[in-house]
Structures are given as structure tokens and as C-alpha cells.
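> turn this into a structure:
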Amino acid sequence: MGRILFLTFNIWFITTACSSSKINAQKSMPEQGIEGHVYWLAGNQMPSPDRKPSVPKGIRTTLYVYPLTNISQVARQGHTPFYTAINTKLVSTVDTDSNGYFKLGLKPGHYSLFTKKGDLFFANGFDKDNNIAPTEVLTGKMTKVDFTVDYDAVY
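Now for the predicted structure:
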């Protein structure tokens, strides 16, 4: 009888522990913010009928999230997509996995995204107002973001 009670308790304990872990994991997953991939693209990207276009590959890196940042709020290295300083306050960072995947909870609003090459920040997209790599987070939504690191690509 004692052995059956012991086994029953252990099964109950393991089941409960696993269930609460899943519940806690689900609670910690953000319901609004950004989610996507950071891709690496390098080499000759010129269209050619003799060659298929390169497929970007996901990379492990850190994505830096700032409030929506205008070109006037950074120290830019010449006319390149590299920046030595970003003069807005860092909101958050997120590390990608080996496939470049990330997911980050953020408050609703507008943000700029950057990666780094050494000590330099990198971002290559702009909107019509010269805001750098803009993205918007809506209430209750995950915004899909694909960020391409292509400073070694030729177009």
C-alpha cells in the first residue's frame, strides 16, 4: 500500500511540475512586440539569368531596440549604414538563436532596430522621414520583422 501511494504521489508531482512549467513558460512569452529573423547576406547580389538569387541565412547576433531614431539623432560614419553613436535611449536588446530567430515583448510604439559590427551600429533601412530601420508595435500584436545584415553584399 505504501509503495502504491509513493508511486501515485511521484506521478502526481511530476505531472503537476511539468504542467506548471508549461503555464509559466506560456505566461512569459510576450503577446505584443517584435518577432522575426536577422539574416546575413553577402557577395554578389546582382540579378543574373545564369544564377539563382542568394538565400539569406539566419545569424546569431544581438538586435538593439531604440525609440524611433532619425538620421539627425545619430553620429553616422560618412554616407554608410554604420553609426558610431545613437543619441536616443536604448529600450532593449534581444539575442537571436543560431537561425537568427528572436522574439521580444515591447510596449506599443515606434522603434528603430540596429545590429553591431564591432563597435559600430548597423541599420540600412529608412522611411520617408529619414527614420532609421523603423518598426511599429501595435497593442496586442506581434510585429513580424526580418532584418537583413548586408554590409558585405554588392548590388
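> would you mind measuring the gap between the ends of stretch 66-76?
Across stretch 66-76, the terminal residues are separated by 16 Å (CA to CA, to the nearest Å).
> where's I86 relative to L41, distance?
Distance, I86 to L41, by CB to CB, to the nearest Å: 23 Å. Placement of C-beta: from N, CA and C, glycine included.
> whoops, T148 was the one
From T148 across to L41, the span is 6 Å (CB to CB).
> overlap of the contact sets of those two?
Here T148 and L41 have P56 as joint contacts, going by CB atoms under 8 Å, 6 or more residues apart in numbering.
> show me the shaky parts of the protein.
Scanning the chain for pLDDT under 70 picks out the ranges 1-28.
> strands of that one, start to end?
Counting by DSSP state E, the chain has strands at residues 33-44, 57-58, 62-67, 74-76, 82-86, 92-95, 101-105, 109-117, 120-122, 134-137, 142-154.
> now do the first one: which elements does it pack against?
The elements that strand 33-44 packs onto, with contact taken as 3 or more CB pairs under 8 Å, 6 or more residues apart in numbering; DSSP states H and E, are strand 57-58, strand 101-105, strand 109-117, strand 134-137, strand 142-154.
> between these, which gets nearest to T93?
Minimum separation from T93 across the helices and strands packed on strand 33-44 (CB to CB) falls at strand 101-105, 8.5 Å.
> in that closest one, what counts as buried?
If you call a residue buried by 16 or more other CB atoms under 10 Å, then strand 101-105 has these buried ones: 102, 104-105.
> what does stretch 44-59 give?
56, 58-59.
> and of these, the nearest to G125?
P56 (14.4 Å).
> what's the closest non-adjacent residue to that closest one?
Spatially, and ignoring its direct neighbours in sequence, P56 is nearest to Y39 (3.4 Å; CB to CB, 6 or more residues apart in numbering).
> buried residues, stretch 108-118. List them.
111-116.
> cool, and stretch 123-141?
Within stretch 123-141, judged by 16+ other CB under 10 Å, the buried ones are 123-124, 131-135, 137.
> what do you get for stretch 72-87?
By 16+ other CB under 10 Å, the buried positions in stretch 72-87 come out as 73-74, 81-83, 86.
> show me what contacts the spatially closest residue to G140 that is not a sequence neighbour?
Spatial nearest neighbour of G140, excluding adjacent residues (CB to CB, 6+ apart): Q32 at 5.4 Å. Residues near Q32 by CB under 8 Å, 6+ apart: 105-108, 137-142.
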